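Trainee: test case, fold it:
(chains A and B)
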Protein chains: 2
Amino acid sequence: MVRARKYVVIKHFEGVPHRDDFKIVEYELPSLEDGEILVKTEWVSVDPYLRIYNKMLPVPFDQFSPQIGLIEESKHSQYPVGTRLVTHKGWCDHSIIDMNAPATNHIEAIYKIPDMNGMSPSLGVGAMGYSGLSAYFGFLEICKPKAGETVVVTAAAGGVGSLVGQIGKIKGCRVIGFAGSDDKVNWLEKDLGFDKAFNYKTVDVKKVLKEAAPNGIDCYFDNVGGEMSSIIISQMNDFGRVSVCGSISVYNEDHVNLPKASVLQLDIVKKQLKIEGFLCNRWEKRYSEAFTDLGQWIKSGKLKYREHVTEGFDNIFDAFIELFHGQNIGKAVVKL
Amino acid sequence: MVRARKYVVIKHFEGVPHRDDFKIVEYELPSLEDGEILVKTEWVSVDPYLRIYNKMLPVPFDQFSPQIGLIEESKHSQYPVGTRLVTHKGWCDHSIIDMNAPATNHIEAIYKIPDMNGMSPSLGVGAMGYSGLSAYFGFLEICKPKAGETVVVTAAAGGVGSLVGQIGKIKGCRVIGFAGSDDKVNWLEKDLGFDKAFNYKTVDVKKVLKEAAPNGIDCYFDNVGGEMSSIIISQMNDFGRVSVCGSISVYNEDHVNLPKASVLQLDIVKKQLKIEGFLCNRWEKRYSEAFTDLGQWIKSGKLKYREHVTEGFDNIFDAFIELFHGQNIGKAVVKL
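Mentor: Numbers count the residues shown, from 1 in each chain, chains lettered A, B, ... in the order given. The predicted model follows:
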């Protein structure tokens, strides 16, 4: 018998999530049925976007999120003990998964962790997981950057943004990043090779962009939404492309009465812009392409990553909340 | 010697254009040089979008706009006397064009009017001109409507919107239109076959849309921008497509301090929406495809059009201003 613990959402978030929106439930796992596996969580990913989905499910529900788990027991021949999986089982220390049940949405997607080539399995939810996949496909497939073009990235020191900027450099672009502290700006410019980075809290975004991108912006990888995105989009060139990966500036807002920002349509039509949002599972059949490139770039030192590691099941909520205080650099993960 | 008249913009528009933003200039045309043609204007198109470009040129400048002209004199063998052209020479009664000068932007584009099959040449700036091309390519290429999908059109009784809705019906879609008067709503539902039309001034847009499109919206052809578009976009389905043809709601606004509307990014990312603006000249090499289909649909009665005709060179400004009072139905043209 295995005793398991999990975070259950018992109240929908209002504004910034609170500790008492969750309850930690301890319970006994049943024996495995045919086709099932028992997974022990090793790494849990905490991500701002978890809030978007918070109100889409009726409470109570188990807090899902990407995680890396090790199969401890198996009644499925294709998933033997010792296999590492990426699942969305989220904030729990153990789980049972029926591997014959078809996934009905991306939150149920499960796949074997790619070959890490000696690197930490935690990268499976970071640079070699959804962060990497979002940066790779969301940027390359939607922005379609060409060498010599100018790329802007917001939340540039985050798990996805930091990879996007570096992929921009690999593709020969001029890359400008916005982040929320001077430390992050330093990291982007000194360590990651961004051509220019700014602390959006202390500069006039419109003005510094005009100076840093005098010939306009061709690609914008948008993690924030809101007025900041309106300002950036107003400085784009004809046929500019915007990939919308997140909108962290409004996640904590009331989703029925969203905040307002300067209208985009005038620029969209005048400059023939394309703005597209994505969830990376749409490229699910092509993940191996991304893992090959990302793995090589990381090994060769062209793509650097940073993890912000918190330890312990009991600290998952704190790790989540830290994301909204803007102090983290790189991908936030919790080691169990 | 030909005496010509033209409208010259002498002051940039502030808010709604004023008569004294223009000066009518009368002048003598020189003799033709080799490669030049003398064109007598027959039909002038007035369009809301002319305002977008108003501030992009230094004053004074000749008011451009699509027009149909007849070649009265020619020193170019491929453009003989009697040929009808579509040009952007705009609000003038005669013009000289150097047909060997390469076009440097879409405002200089010139092409021979397509075969009208007995219909009025005025359609060359309407259903068989830029209105038709915008509806045909802007809707079919960007929205990529599939039979059974739900399409929403704003400014649905306008020159472009009225065609988009009907093309939606031809393609087997459910079509919902928004327009600014009960007369327009009647015309859309009774004559053009829209499944549902609403006077946006007298209904709760959010509420009527939820009722008229209970399964959500797949395609949105956006002529207006602003809050109305935010409301419509918030009700779109996964992978919805938005084609941005215009943003009439903000044309009269200060372009530096644009009005604000509810942010779009949360829906864009959650539903993986694609929003794209266009100018139809990007499909220039494929115009003949559109003219073939549009001509057949008009002949067979599947595609109806309506023109709002004003007569006389001196009334061009009035015809233009009427567009912003929202009383016109169909394509506004001026007969010279």
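Trainee: ok but A:Asp20 is inside a strand, no?
Mentor: No: assessed with DSSP: H, G, I helix; E, B strand; the rest coil, A:Asp20 is helix; it does not lie in a strand.
Trainee: what sits against the residue nearest to it when sequence neighbours are not counted?
Mentor: Excluding the flanking residues, the one nearest A:Asp20 by C-beta to C-beta, 6 or more residues apart in numbering or on different chains is A:Lys11, at 7.1 Å. Heads up, the C-betas are built off the backbone N, CA and C, glycines and all. With contact taken as C-beta atoms under 8 Å, 6 or more residues apart in numbering or on different chains, A:Lys11 is in contact with A:18, A:20-21, A:59.
Trainee: then A:Arg19?
Mentor: Neighbour list for A:Arg19: A:Phe317 [criterion: C-beta under 8 Å, 6+ apart].
Trainee: before we move on, the earlier item: wasn't the residue nearest to A:Asp20 part of a strand?
Mentor: No: using three-state DSSP, the assignment for A:Lys11 is coil, not a strand.
Trainee: for it, report the pLDDT, please.
Mentor: Model confidence at A:Lys11, given as pLDDT, is 96.
Trainee: mind checking how far it is from A:Val256?
Mentor: 17 Å (C-beta to C-beta, to the nearest Å).
Trainee: also A:Cys143?
Mentor: Using C-beta to C-beta, A:Cys143 is found at 31 Å from A:Val256.
Trainee: higher neighbour count, those two?
Mentor: A:Cys143 (25 against 8; other C-beta atoms under 10 Å in any protein chain shown).
Trainee: in space, what's closest to that one - neighbours in sequence excluded?
Mentor: A:Cys219 (3.8 Å).
Trainee: check A:Val269 too.
Mentor: Leaving aside its sequence neighbours, A:Val269 sits nearest to B:Gly277 (C-beta to C-beta, 6+ apart; 3.8 Å).
Trainee: and for A:Pro80?
Mentor: Closest residue in space to A:Pro80, ignoring its immediate chain neighbours: A:Ser74 at 5.6 Å, by C-beta to C-beta, 6+ apart.
Trainee: do A:Tyr200 as well
Mentor: Nearest residue to A:Tyr200, sequence neighbours excluded (C-beta to C-beta, 6+ apart): A:Phe178, at 4.5 Å.
Trainee: just checking, what packs against the helix or strand encompassing that neighbour?
Mentor: Here A:Phe178 sits within strand A:174-179, counting by DSSP states H and E. Helices and strands touching strand A:174-179, by 3 or more C-beta pairs under 8 Å, 6 or more residues apart in numbering or on different chains; DSSP states H and E, are strand A:150-154, helix A:161-170, strand A:196-199, helix A:205-212.
Trainee: need the mean per-residue confidence for the second one.
Mentor: What that stands for is helix A:161-170. Helix A:161-170 comes out at a mean pLDDT of 98.
Trainee: can you get me a residue count around A:Ile176?
Mentor: 26.
Trainee: so it is in contact with A:Val152, correct?
Mentor: Yes: taking C-beta atoms under 8 Å as the definition, A:Ile176 is a contact partner of A:Val152 at 5.0 Å.
Trainee: tell me, what's touching those two both at once?
Mentor: Common contact partners of A:Ile176 and A:Val152 (C-beta under 8 Å, 6+ apart): A:209, A:213, A:217.
Trainee: distance check, the nearest residue to A:Asn215 once chain neighbours are set aside against A:Gly165.
Mentor: Spatially, and ignoring its direct neighbours in sequence, A:Asn215 is nearest to A:Thr150 (6.7 Å; C-beta to C-beta, 6+ apart). A:Thr150 sits 12 Å away from A:Gly165, going by C-beta to C-beta.
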